[in-house]
Structure formats: structure tokens, C-alpha cells
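Q: A predicted structure for the sequence below; I have some questions about it.
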Amino acid sequence: MTGIDALLARREALLGPGMATFYRRPLHLERGEGVWLWDTEGRRYLDCYNNVPHVGHCHPRVVEAICRQAGTLNTHTRYLHEGILDYVERLTATFAAPLRAGLLTCTGSEANDVALRMAQAATGRTGVIATDHTYHGNTAAVSQLSTRMPPIGGFGGHVRHVPAPDSLRDPEDGGAAFGRAVEAAIASLEESGHGFSALILCPYFANEGFPAVPEGYLDAALAAVRRAGGLFIADEVQPGFGRLGSHFWGHRRIGAQPDIVTLGKPMGNGHPVGGVVTSPEILAEFRKAFRYFNTFGGNPVSCAAAMAVLDVMEDEGLMANAEASGAHARARLEAIAASDPRIGNVRGAGLFFGAEFVHEDGITPDPETCAEVVEGMLARGVILNRLGLHMNTLKIRPPLPFGRAEADLLAEALADTLDALG
């Protein structure tokens, strides 16, 4: 039995069967720095996938902030401490009014769970609408929103799923069809007795394959939401914190104003931090309706890590880098696609982009080739993965220090991989 086989067997015995790993032969990683990872055999990999180390693996300023605060004080929010106040004040300054208040959690799953309860408290209703190919976490409440892993006992009657946009196959109507689907789902919830509390979605439609939708795409849907007295929850776990380059938040890029925003992975650069930002009025309604407390959410060490991430982003110009490096990377991929009919299109924004693989007709999804490309890229030292409605779109989402040189390495590895596949 090889080292990896022994590790997998030990993992299954201790953590249970079925624990997901990436790739046919899982990586055994040892350390990371910037946009690079190393395995236990000393091989280096270009990380084109992980948004958790938002400002780069093991950024020294974030590490130092964590160590300094951990050596001073770490406790929960039932004691007073300026750290959480300073951070929430700085964080909410990046949003448009009235999003001026919030609370911190440990994960994005917790944040979305809290957001659903905020919507219940503000509206007095429980019905929720999500897309039919979304993911918002793994608590009992938010697992009801994901169609990829249906909950035991089936979906509750309080959830409606609407078709996700597919910009490669469906004629673009500017969001009118999506708006009609949301309006019908609202009517169904109201007839069911649950009523309508919130539409929750990622404003970049990340798990849906980040389709190319125009600014204003959500206008019709949000008009229906407002008419029904419901709220819009924007899950910014993936597109937020400047990843898209042109805007700090995905909802600003699409021209949509949420009532509640949920945050997660990138906030602490690997330290577990999540959060919910909303208006003071909605937060007050939530506090009245629910006795919510999170022992570790908003602790001083987490806040120090999160504040250091914002410092590094600003001082190193990482949002501007995301826009410039992402544009260069997409141009390189588009040049490859121009001579390879297996690529239906290249799309994305900032440092969240990819290529969709199709069969000869240019439309039919080809998840098999996409899966082979993922494995071929790994063999060439590049880490990425796939997602989308048909699991046929490369998911390229590197840490924000990813530059033009790394984009060139990515493109060269992709060209070599496609050539090798024949």
C-alpha cells in the first residue's frame, strides 16, 4: 500500500467513508506560499482554484496578525472588544446604504442560515426561492436550497427552485424569463401558505457556471421580490472582496441592491470567518425574533485576520491586479479557444473565469472532456476544477496575487493538455 493509499484508508476509518477529495489521485499537500502549493514529495503546483487564501497562501501579514492577537487575547463577544467593531465598521463602509450593520460567524453556511432567519424575522414568512443548481452551505436549513444533494425526506414545502441562466444555450433576454420564473415561484409560495420571505442567490451565479449575464439581469426578478414584500439575499462568498476586479462586490457588478449579504471563505485568508451584512432595521428585527449567539464568531483573532486581509488588499492593489491579470488570462484562453472547437466559450470576470467544453455541434455539453482536462492540468502542475449546470466548465479562481506570468503558465499548460488529448 502506497503512502497515499494508507492515508486514504486511515482517513476513511477515522472520518468516515465518502469524504470528498479532488482528483483521481488526491494531492497530499504540505505547504503553501502566495499562489503556489507543494506536496509531500516537493512538487510545486500553481493554485488556480482556491479562493480561501484570498491574498495568497500564508501571507505573512495575516499570519503575523493572527499570532499577535492570539498571544494577547481571544474570547467571545459577550465581553467588549474593539476588534469586532473596527472590522464591521470598515467592512460595511464598502457597501451602499442601508447596509451598515452586521454580525460575524465562522462559516458561510452559518451566514446563510442566519440570513434566512433574518428574512423570516423581517417578513413574518418562511418561503424561499433559489436557483435549481445552487449551493449555499450545509446546515439543515441551507441544504434545502441545493438540488445537487437532495435532503433526506425531500425538499420542504417552503422552498421553490427556478431555472438558472445558461448563457451559451438560451437566447439572452436580459433577465425577463428569470423574472417571470421568480414571480411564478412567489405566487406558488403564497398559495401554499408559507408566504414569501426571500430570494437567495449568488449574484455571479458561480456554481451555476458563472453565465455571462448583463448588468440589470436581476431587475425584473427583484421588482417581483419587492412587490411581494420579500427580501433579496446576495451570497457573496465566491464573487466578493474584489475578486471580480471591476467591483468589490458581485451585486454591484450586476447592478442589484440586496437587503442582506452573506460572506465567508475569503474573509480571513484561511482563518474561519464568515458574516452577514444588512440594514440596522433588519438586524434589529432578527435580534428581537431570535436569541442568536456564536461562541467563536467575531472573536478577536478572527477579526484581526479579517482586518489584515483588507489591509493587504488595499496596500498591494489586489483588486486592480484581479482585473488586469484576469483580462490577460482570458485573452490567452480565448486565443486557444479560437482554434479548438471543443471550447464553446471563455467567460468570467477578474480572477474568476473558465472555459466551457462542448461536443462538435458547439452546444451539447461535454463534461467528460472537461474532467480529462482537469486531470491533465494537475499532471502539469496546475490545480483547478470544474462546475456548472452540466459540470463541463473549468473553474479557475486563484488567489488574488495571481499575475500575468502565472496566467501565461496556466494557458501554456492548457494548450499542452488539449494537444495531448488529441
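A: Cool, got the structure. Numbering: from 1, shown residues only.
Q: and Glu406, helix, strand or coil?
A: On the three-state scheme (DSSP: H, G, I helix; E, B strand; the rest coil), Glu406 is labelled helix.
Q: What of Gly275?
A: Under the three-state scheme (three-state DSSP), Gly275 adopts strand.
Q: Lys288 versus that one, what's the distance?
A: Using CB to CB, to the nearest Å, we find Gly275 at a distance of 20 Å from Lys288. For every residue, glycine as well, the C-beta is placed using N, CA and C.
Q: Helices of the stretch 251-400 of the chain, residue ranges please.
A: For the stretch 251-400 of the chain, helices defined by DSSP state H, counting those that start in this stretch occupy the ranges 280-289, 300-315, 318-337, 367-379.
Q: Of the ones you listed, flag the one that's most buried.
A: Most buried of the helices of the stretch 251-400 of the chain by mean neighbour count (mean count of other CB atoms under 10 Å) is helix 300-315; its value is a mean of 21.
Q: And it, what does it pack against?
A: Here helix 300-315 touches helix 60-70, helix 82-92, going by 3 or more CB pairs under 8 Å, 6 or more residues apart in numbering; DSSP states H and E.
Q: mind running it again at 10 Å?
A: When contacts are defined as 3 or more CB pairs under 10 Å, 6 or more residues apart in numbering; DSSP states H and E, helix 300-315 sits against helix 60-70, helix 82-92, strand 101-105, strand 274-278, helix 318-337.
Q: how far off helix 60-70 does that helix point, in degrees?
A: Angle, helix 300-315 to helix 60-70, by axes from the mean of the first three to the mean of the last three CA atoms, to 10 degrees: 150 degrees.
Q: could you check the angle strand 274-278 makes with helix 300-315?
A: Here the directions of helix 300-315 and strand 274-278 differ by 70 degrees (the same axes, to 10 degrees).
Q: what about helix 300-315, distance to the chain center?
A: 19 Å (CA atoms, centre = their mean, to the nearest Å).
Q: now the helices of the stretch 251-400 of the chain in JSON lines, with distance to Thr393 and mean pLDDT?
A: Shown next, in JSON lines, are these (distance: least, CB to CB, whole Å; pLDDT from 0 to 100):
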{"stretch": "helix 280-289", "distance to Thr393": "35", "mean pLDDT": "98"}
{"stretch": "helix 300-315", "distance to Thr393": "27", "mean pLDDT": "98"}
{"stretch": "helix 318-337", "distance to Thr393": "12", "mean pLDDT": "98"}
{"stretch": "helix 367-379", "distance to Thr393": "7", "mean pLDDT": "98"}
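Q: Would you tell me which of these gets closest to Met19?
A: helix 367-379 (19.2 Å; CB to CB).
Q: Helices of the stretch 51-200 of the chain, start to end?
A: 60-70, 82-92, 108-123, 176-192.
Q: Report the buried residues of the first one.
A: Buried residues in helix 60-70, counted by 16 or more other CB atoms under 10 Å: Arg61, Val62, Ala65, Ile66, Gln69.
Q: Hmm, Val52 and the second one touching each other?
A: Spelled out, it's Val62. No. Val62 lies out of contact with Val52 (CB atoms under 10 Å); the separation is 11.7 Å.
Q: which residues are common contacts for those two?
A: Gly268, Asn269, Gly270, His271 (CB atoms under 10 Å, 6 or more residues apart in numbering).
Q: Contact partners for the second one?
A: Under the criterion of CB under 10 Å, 6+ apart, the neighbours of Asn269 are 52-59, 61-63, 65-66, 305-306, 308-309, 312, 399.
Q: any idea what sits nearest it, other than its immediate chain neighbours?
A: Distance criterion CB to CB, 6 or more residues apart in numbering; nearest residue to Asn269, sequence neighbours excluded, is Val62 at 4.6 Å.
Q: Tell me the spacing between that neighbour and Pro17.
A: With distances taken as CB to CB, Val62 is found 35 Å from Pro17.
Q: What of Leu318?
A: To Pro17, Leu318 is 39 Å away according to CB to CB.
Q: go on, Met118?
A: Met118 is 36 Å from Pro17, by CB to CB.
Q: do Arg11 as well
A: Taken as CB to CB, the span from Arg11 to Pro17 is 10 Å.
Q: got it, and Thr295?
A: In this view, Thr295 and Pro17 are 30 Å apart by CB to CB.
Q: And Gly275, by the same measure?
A: In terms of CB to CB, Gly275 sits 33 Å off from Pro17.
Q: Looking at these two, which one has more neighbours?
A: Gly275 (27 against 7; other CB atoms under 10 Å).
Q: hey, what's that one bridged with?
A: For Gly275, the beta-bridge partners are Leu104, Leu263 (DSSP bridges).
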